[in-house]
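[1] what's the 3D shape of this:
(2 chains)
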Amino acid sequence: MADSSLALGAYAAVFAPLEAQGRADAVARRLGEAITLGLLPDGSPLPSESDLADRFGVATVTVREALGALRQDNLIRTRRGRGGGSFVCTPADGGQQALVARLGRMGLGELRDLADHYAAICGMSAQLAALRADAEDVRRLRGLGAAGREALTGTARWRAEGNFHLELAAAAQSARLTREEMALQSEVGMLLWHAHAQAEPDGQSADRHTELVDRIAAGDAGGARHSAESHVEEMFSAVRALHRQVWTGRLM
Amino acid sequence: MSTNPSAHLDGGDVARLVGDLCAGLFADLDGIAAEAEEQLVVASPRRSDLAIEARCHALLTDPARKVAGAGVVMAPDVLADAPYWLEWWTANPDAAPPSPRRLAAETDPRAVGFRDYTTLPWYAVPLATGAAHITGPYVDYLCTDQQTLTFTRPLWREGAFAGVVGFDLLVRTFEERMFGPLEQVRRACAVINRAGRVVTSSDLRWVTGDLIRGLPVERWWAATEEAKEQATEEAHGEWEFSPCPGLPLGVITALPPSRRGR
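    This is a model prediction of the structure:
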């Protein structure tokens, strides 16, 4: 299950309609992160421009602009003629360059705000899951929580992390928390898990997940919340350390 | 069963009404299954042999049904040209008229975005039991993004399990349907699933999605199984349990004071 278990939902979320804000940028960012995260496999064809426009709910010209940006970042290549179209190019550095660029544009205050937002969503999900998860939910959470332990690559670890937190929000029986979790994952998932995967001691996340699931299984709502918040705090301290390295020029 | 709004109902009546509602929906599903099974009769069927879109659209746009998603999910290696395959359409049941859209789902098992659906309960239970199942209430983040009940039944080809056909009903839609009957029960009443999770309730202590704690839900279901399909009413303390015939759903009703404390 470890490596093959990214939710269908994450794929569907990649193509879900966007809000009317910075459309070309938003399309480029969402596709770019999906490519970097490996959600869209190397060499696979992207849907046609008109199909993408339809799925994102934007004009074809907007999609064309976004694809131009992705081409410049070497995240896609485009072939003309029969059998042509745009194809995914997974970056060889696992997205390190993209991550560094993103941290370079972000202030520490923004980063903390993001951490607070994510801790609120995860903490509340964990608290409610402790009250509402049934035996089947606990079993599924245990499986997903341990998946990261067997994951060999960074990408597989991020996916394990993403799946676990999505299932946690679903176990809270809250559609809103689940949607918020998905939105946050698509916005900052890469930032969070990439930085953390580089810094964490082996198996730390899986241990945290086990501890959290134990508390959920015991119906310990306060303990579950605390455990989820500490886990988010750990992930963000890894991002803060990386942010400092980027800003002091040691990683540019 | 007629429902005169001023009539008084008991838990058993509500259980039968839930049964009627689900039986109607499962009958629609049988129609989709029959069509798909006929299309799979050919030697080495391919994706192009499946043609259930029209029937799924009809179900999704039927204002009497108000379903939020419908389609087919194939068992691995049944189709010659796709090891895994699903065709699923979604629609907002409250739009007038609903406009179904094809769900974008990764079906290439080599792709990172692939999720092995054969482990998910709406697939795994019909596979294990060979019978229809209702999954939920659960937050369906793969499809509706809302609290959902997913109805599925097996698809058969040459006597073997070939996948499931199913549809999604938003829990909200179920709540709307059962609100009237629950109000006609003069005592606290809730529809629950096998895990003791509340589908809908007229008792303000419990809300859709909550787990009922402190009641012998497991024992009630075990007694129902022993009685095999026969609706048995079981009582415990202040509560009485009535299973919905043939469904993984049941109704709990507060006992009148004269019958409490057994």
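[2] Flag the shaky bits of chain A, pLDDT-wise.
    A:1-22, A:37, A:94, A:152-155, A:251-252 (pLDDT under 70).
[3] quick one, helices of the stretch 101-250 of chain B?
    For the stretch 101-250 of chain B, the helices defined by DSSP state H, counting those that start in this stretch cover B:121-129, B:171-184, B:217-226.
[4] Would you format the ones you listed as a markdown table with mean pLDDT, mean neighbour count and distance to residue B:253 included?
    (Glycine included, C-beta is placed from N, CA and C.) Compiled in a markdown table, those are given as follows (pLDDT from 0 to 100; neighbours: other CB atoms under 10 Å in any protein chain shown; distance: least, CB to CB, whole Å):
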| stretch | mean pLDDT | mean neighbour count | distance to residue B:253 |
| --- | --- | --- | --- |
| helix B:121-129 | 96 | 17 | 27 |
| helix B:171-184 | 96 | 18 | 10 |
| helix B:217-226 | 91 | 16 | 12 |
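[5] Now for the closest residue to residue A:129 other than its chain neighbours, how many residues are close by?
    Closest residue in space to residue A:129, ignoring its immediate chain neighbours: residue A:171 at 4.1 Å, by CB to CB, 6 or more residues apart in numbering or on different chains. Counted with other CB atoms under 10 Å in any protein chain shown, the neighbours of residue A:171 add up to 26.
[6] just residue A:222 next, same as before
    Neighbour number of residue A:222 under other CB under 10 Å is 11.
[7] Who are the contact partners of it?
    By CB atoms under 8 Å, 6 or more residues apart in numbering or on different chains, residue A:222 lies in contact with residue A:127.
[8] So which bits of the strand or helix carrying residue A:114 are buried?
    Secondary-structure assignment from DSSP states H and E places residue A:114 in helix A:108-132. Residues of helix A:108-132 classed as buried by neighbour count (16 or more other CB atoms under 10 Å in any protein chain shown): A:111, A:114-115, A:118-119, A:121-132.
[9] what about the helix or strand just after it, near chain B?
    Sequence-wise, the next helix or strand downstream of helix A:108-132 (DSSP H and E) is helix A:135-150. Yes - using CB under 8 Å from any CB of the partner chain, helix A:135-150 reaches chain B at A:135-136.
[10] So what touches helix A:135-150?
    A:1-3, A:5, A:129, A:133, A:156-157, A:160-161, A:163-164, A:167-168, A:171, A:203, A:205-206, A:209-210, A:212-213, A:216-217, B:121, B:195.
[11] Run the angle between that helix and helix B:217-226 for me.
    Helix A:135-150 runs at 110 degrees relative to helix B:217-226, counting by axes from the mean of the first three to the mean of the last three CA atoms, to 10 degrees.
[12] quick one: helix A:135-150 to chain centroid distance?
    Between the centre of helix A:135-150 and the centre of its chain there are 18 Å (CA atoms, centre = their mean, to the nearest Å).
[13] Same check on stretch B:13-27?
    Using CA atoms, centre = their mean, the offset of stretch B:13-27 from its chain centre is 11 Å.
[14] Send me that stretch as PDB with only the CA atoms.
    Extracted C-alpha coordinates of stretch B:13-27, given in PDB (Å, rounded to 0.1, in the frame of the first residue of the first chain):
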ATOM      1  CA  ASP B  13     -42.200   1.600  10.800                       C
ATOM      2  CA  VAL B  14     -39.200   3.900  10.300                       C
ATOM      3  CA  ALA B  15     -37.000   0.800   9.600                       C
ATOM      4  CA  ARG B  16     -39.400  -0.300   6.900                       C
ATOM      5  CA  LEU B  17     -39.500   3.200   5.400                       C
ATOM      6  CA  VAL B  18     -35.700   3.300   5.200                       C
ATOM      7  CA  GLY B  19     -35.900  -0.200   3.600                       C
ATOM      8  CA  ASP B  20     -38.400   1.000   1.000                       C
ATOM      9  CA  LEU B  21     -36.300   4.100   0.200                       C
ATOM     10  CA  CYS B  22     -33.200   1.900  -0.300                       C
ATOM     11  CA  ALA B  23     -35.000  -0.800  -2.200                       C
ATOM     12  CA  GLY B  24     -36.100   1.800  -4.800                       C
ATOM     13  CA  LEU B  25     -32.600   3.000  -5.200                       C
ATOM     14  CA  PHE B  26     -31.100  -0.500  -5.300                       C
ATOM     15  CA  ALA B  27     -33.700  -1.300  -8.100                       C
END
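[15] hang on, the earlier thing: kindly reformat the helices of the stretch 101-250 of chain B as a markdown table and extend each row with distance to chain A.
    Formatted as a markdown table, these follow (distance: least, CB to the nearest CB, whole Å):
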| stretch | distance to chain A |
| --- | --- |
| helix B:121-129 | 7 |
| helix B:171-184 | 10 |
| helix B:217-226 | 10 |
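[16] Need the contact partners of stretch B:46-58.
    By CB under 8 Å, 6+ apart, the list of residues contacting stretch B:46-58 reads B:31-32, B:35-36, B:39-40, B:42, B:70-72, B:79-82, B:85, B:87, B:89, B:100, B:165.
[17] Weed out the non-buried ones from the residues you listed.
    B:32, B:35-36, B:39-40, B:70-72, B:79, B:82, B:85, B:87, B:89, B:100, B:165.
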